[in-house]
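> below are the sequence and a predicted model for it; my questions follow.
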Amino acid sequence: MFACHQGAPGHPGTNVACAGWLAVEGTGHVAVRLAVSHGRLPVSALSPGPNWPDLYDSYQEMADANAAHEEGPRQ
């Protein structure tokens, strides 16, 4: 699972799955489906909440966009 980027050791969000990742990729991840079926994760976690920002269509799209942002403009 993809960890929450808003967490830090000893702070809320630590060791918690990223809500955006769950909403985009969660249904395709076996551990997430097991967590839902065993009641450890609500099925509502697999959909964006109200007033959420736009999400990438996939983890790969997000990774590609962030890699391009880190590289900066091409010269």
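Good, I have the coordinates.
> nearest spatial neighbour of the most centrally placed residue in the chain, chain-adjacent residues omitted?
Closest residue to the average C-alpha location of the chain: residue 21 at 1.9 Å, with CA atoms, centre = their mean. The shortest distance from residue 21 to any non-neighbouring residue, by CB to CB, 6 or more residues apart in numbering, is to residue 2 (3.9 Å). Placement of C-beta: from N, CA and C, glycine included.
> residue 18 is in contact with that neighbour, correct?
Yes: with contact defined as CB atoms under 8 Å, residue 2 and residue 18 form a contacting pair (4.7 Å).
> who's more crowded, those two?
residue 18 (20 against 15; other CB atoms under 10 Å).
> give the contact list for that one.
Listed by CB atoms under 8 Å, 6 or more residues apart in numbering, the contact set of residue 18 reads 1, 2, 3, 4, 5.
> what number of residues lie near the last one?
Right, the one you point to is residue 5. Around residue 5 there are 10 residues (other CB under 10 Å).
> if I pick it, what's in contact with it?
With the criterion set at CB under 8 Å, 6+ apart, residue 5 makes contact with residue 18.
> ok but it is inside a strand, no?
No: Residue 5: not assigned to a strand; according to DSSP: H, G, I helix; E, B strand; the rest coil it is coil.
> roughly how far apart are it and residue 17?
11 Å (CB to CB, to the nearest Å).
> wouldn't residue 23 be in contact with residue 45 here?
Yes: counting by CB under 8 Å, residue 23 touches residue 45, with 7.5 Å between them.
> please tell me I have it right and residue 20 contacts residue 55.
Yes: between residue 20 and residue 55 there is a contact at 5.2 Å, judged by CB under 8 Å.
> what is in contact with these two at once?
Joint contacts of residue 20 and residue 55 (CB under 8 Å, 6+ apart) are residue 48.
> higher neighbour count, the two?
Each of residue 20 and residue 55 has its neighbours counted (other CB under 10 Å); residue 20 has more, 20 against 14.
> how far does the helix or strand harbouring the more buried one sit from its chain's centre?
Assigned by DSSP states H and E, residue 20 falls within helix 19-25. The chain centroid and the centroid of helix 19-25 are separated by 4 Å, computed with CA atoms, centre = their mean, to the nearest Å.
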